[in-house]
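> no sequence on this one, just coordinates:
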């Protein structure tokens, strides 16, 4: 075996059930709203000077990292968003990453009136295992934060 890093297309998939109806969770699934739930992000803002057809948002993280994400797809009917990182400071160690967040209402059983959410992230083949592991934990943290935000919104609605 050579000393070259292992190369493959890596994917991280994280999911959870959020104890709030889909409408309360979907409210947060807009690129410019991620700072309203994800505690790692200090600011989310539209990038000015891009075309009207291109939705690009700059996320400034509390650790000082900044990434610009481009919305590739968004469906209010199917409840999903797909976005890719197009710029990062500091520069990423891999060439591309695409995320899809998809929500489904849970309509029956003990979890009725909750939301199942799945966040998948696909990396280019030059992303190493450390990048993929780091992404796994960041997605888990983001989903926990989203759950707290949606459940808080639901509790305030019920007051």
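Arrived safely. Everything quoted here is computed from the prediction, not taken from an experiment.
> residue 16 touches residue 150, doesn't it?
No - when contacts are counted by Cβ atoms under 8 Å, residue 16 is not listed as touching residue 150 (11.0 Å). To be clear about C-beta, it is placed using only N, CA and C from the backbone, and glycine gets the same treatment.
> higher neighbour count, those two?
residue 150 (25 against 17; other Cβ atoms under 10 Å).
> what residues does that one make contact with?
With contacts defined as Cβ atoms under 8 Å, 6 or more residues apart in numbering, residue 150 is in contact with 18, 20, 24-25, 27-28, 37, 115.
> so how far is residue 82 from it?
The span separating residue 150 from residue 82 equals 21 Å under the rule Cβ to Cβ, to the nearest Å.
> off-centre distance for the biggest helix by length in the chain?
Determined from DSSP state H, the single longest helix within the chain is helix 129-158. In this view, helix 129-158 has its centroid 9 Å away from the chain centroid, taken as Cα atoms, centre = their mean, to the nearest Å.
> all strands of this protein, in order?
Shown for the chain, the strands assigned by DSSP state E span residues 11-18, 41-46, 56-61, 66-75, 80-89, 97-106, 114-123.
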